[in-house]
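# Give me the fold of what follows.
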Amino acid sequence: MDSVPFHFCFFFLIFVFPFSSLAQTNGTIPVGTSLTATQNSTPWLSPSADFAFGFQFLPQNDHFLLSIWYYNLPEKTIVWYANDGNLVSSGSTLELNAQTGLVLTDPQGTRLWSSPISGTTDHGFIYNTGNFVLVGTNSPSVWESFDYPTDTLLPTQTMEINGVLNSRISDTNFSQGRFQFRFLEDGNAVLNPRDVPSNFAYDAYYSSNTHDSTNSSNSGR
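Numbering: from 1, shown residues only. Down below sits the predicted model:
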């Protein structure tokens, strides 16, 4: 069999492989795509590759966290996580399903978490802002991670009335910790401690004082 000319191989490397890389980082996730929790699994990337969505391995715990993180930072800083911060074992799977959205299962197939979608999913998309959106067949969004913040607000992300951010217990324990940032119905943003077992919110130690009792439409501004 004739050998492949060197100049053809060079052409192939230059022009084919870049397109392959672009296809992996265009941000679009087709229905039916899945990820498996392994140390060499490839996450879903935003078009700029600034953000990744997938299983981040936590060596201190020897488990994985389904999360969104800054992909290009050495620290791989996590900005959002699913499943209430509960870690999963190697072999767990995340699948994008048209009827149920994102579904996380353990290695035995037991469902651990799913995204509460409001319609049928056409595809997923991870934006350069760090927002992961499930695009509906007849809707620009049936679910998005920005609507379910955990312990971080990213630039361009907004918080709705009654929105809450919870601290984590530690750098390696992503369960909800003792401190909260809340946006109250009266328009005030407050920082307060809470009782972890009961989730009772204690008195705030900081308030934005953005409540306007004379004009409620101004509250929160």
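
# what sits against the one residue sitting closest to the centre of the chain?
In the chain, the C-alpha nearest the mean C-alpha coordinate belongs to Ile68, at 3.9 Å (Cα atoms, centre = their mean). Contact analysis of Ile68 by Cβ atoms under 8 Å, 6 or more residues apart in numbering lists 51-53, 78-81, 126, 130, 132, 145. Any C-beta I mention is one placed from the backbone N, CA and C, and that applies to glycine too.

# low-confidence ranges in this protein?
1-25, 213-221 (pLDDT under 70).

# Which parts of it are helices?
Per DSSP state H, the chain carries helices over the ranges 6-24.

# sorry, back to before: I'd like the contacts of Ile68 as a markdown table, with distance to Tyr206 and neighbour count appended.
Formatted as a markdown table, those follow (distance: Cβ to Cβ, whole Å; neighbours: other Cβ atoms under 10 Å):
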| residue | distance to Tyr206 | neighbour count |
| --- | --- | --- |
| Phe51 | 29 | 26 |
| Ala52 | 33 | 22 |
| Phe53 | 32 | 26 |
| Ile78 | 25 | 20 |
| Val79 | 22 | 18 |
| Trp80 | 24 | 22 |
| Tyr81 | 25 | 22 |
| Ile126 | 33 | 26 |
| Gly130 | 26 | 24 |
| Phe132 | 30 | 24 |
| Ser145 | 26 | 25 |
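
# I figured Thr137 hits Ile117, correct?
No - in this structure, Thr137 is not within contact of Ile117 by Cβ atoms under 8 Å, at 11.2 Å.

# neighbour count winner among the two?
Ile117 (19 against 12; other Cβ atoms under 10 Å).

# in the sheet, who's paired with the nearest residue to the more buried one once chain neighbours are set aside?
Spatial nearest neighbour of Ile117, excluding adjacent residues (Cβ to Cβ, 6 or more residues apart in numbering): Gly101 at 3.9 Å. Beta-bridge pairing for Gly101 (DSSP bridges): Asn97.

# distance between stretch 182-190 and the chain's centre?
Taking Cα atoms, centre = their mean, to the nearest Å, one finds stretch 182-190 lying 24 Å from the centre of the chain it belongs to.

# and Pro30, how many residues sit next to it?
9.

# And it, how close does it get to Asp186?
Using Cβ to Cβ, to the nearest Å, Pro30 is found at 44 Å from Asp186.

# need the contact list for the residue nearest to Ile117.
If you count contacts by Cβ under 8 Å, 6+ apart, Gly101 has them with 114-117, 121, 134, 142-143.

# gap between it and Asp151?
Distance, Gly101 to Asp151, using Cβ to Cβ: 22 Å.

# Neighbours of the closest residue to Lys76 other than its chain neighbours, how many?
Residue nearest to Lys76 in three dimensions, not counting chain neighbours: Trp69, with 4.9 Å by Cβ to Cβ, 6+ apart. Neighbour count for Trp69, taken as other Cβ under 10 Å: 21.
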